[in-house]
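Undergrad: Just need the structure, nothing else, for what follows:
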Amino acid sequence: MRVMRYLLQHKAAMAAVFALLLLMALCELSLPRYTAAIVDNVVAMAAVGQMGDSLPELTRLGVCMLLFALGLVACSVAIGLVASVTGARIARDLRQRLFEKVMAFPPAEVEGFSAASLITRGT
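TA: Numbering: from 1, shown residues only. Purely as a prediction, here's the structure:
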């Protein structure tokens, strides 16, 4: 678990990703509730024969659904951005550590490795 210390250096970003995932799940799980409300509203108004009266309510529910869907997209984009930046930073730190470790080798040991071997070991 030596990699964990590199992950723990980025606690804020990891917390942001988890918070965004929770928000994304909330948005995703709210959509069926609004769909059910629209269906219930249409069925109730159709039974009474007053479809025109339910238009403002249907519009409000539709706008709420659209906002939740946009929130879902925004959370998804933000998660991708934060996770990729954090992953790149962790990879940078690991590469830096590997470079420092290789540079700490005695010269006789370094000569035993070819450049291709070091590149292969580093990737």
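
Undergrad: Show me the shaky parts of the protein.
TA: 1, 51-52, 121-123 (pLDDT under 70).

Undergrad: Try it again at 90.
TA: The chain contains residues with pLDDT under 90 at 1-10, 38-59, 91, 93-123.

Undergrad: For the spatially most distant residue from the centre of it, list the residues it contacts.
TA: Distance from the C-alpha centroid of the chain peaks at residue 108, with 46.1 Å (CA atoms, centre = their mean). If you count contacts by CB atoms under 8 Å, 6 or more residues apart in numbering, residue 108 has none. Any C-beta I mention is one placed from the backbone N, CA and C, and that applies to glycine too.

Undergrad: Likewise for residue 85?
TA: Contacts for residue 85 (CB under 8 Å, 6+ apart) come out as residue 13.

Undergrad: which residues sit against stretch 41-50?
TA: For stretch 41-50, the surrounding residues in contact (CB under 8 Å, 6+ apart) are 51, 53, 54, 57, 58, 61.

Undergrad: In space, what's closest to the second one - neighbours in sequence excluded?
TA: Excluding the flanking residues, the one nearest residue 53 by CB to CB, 6 or more residues apart in numbering is residue 45, at 6.5 Å.

Undergrad: Which helix or which strand is home to the one you found?
TA: Using DSSP states H and E, residue 45 sits within helix 11-48.

Undergrad: thinking again about what came up before, which of the contacts of stretch 41-50 has the largest number of neighbours?
TA: Most neighbours among those, by other CB atoms under 10 Å: residue 61, with 19 neighbours.

Undergrad: and that residue, what helix or strand is that in?
TA: With DSSP H and E as criterion, residue 61 is part of helix 55-103.

Undergrad: Show the contacting residues for the residue nearest the centre of the chain.
TA: Per CA atoms, centre = their mean, the C-alpha nearest to the average position across the chain is that of residue 79, at 2.4 Å. Counting by CB under 8 Å, 6+ apart, residue 79 makes contact with 17, 20, 21, 24.
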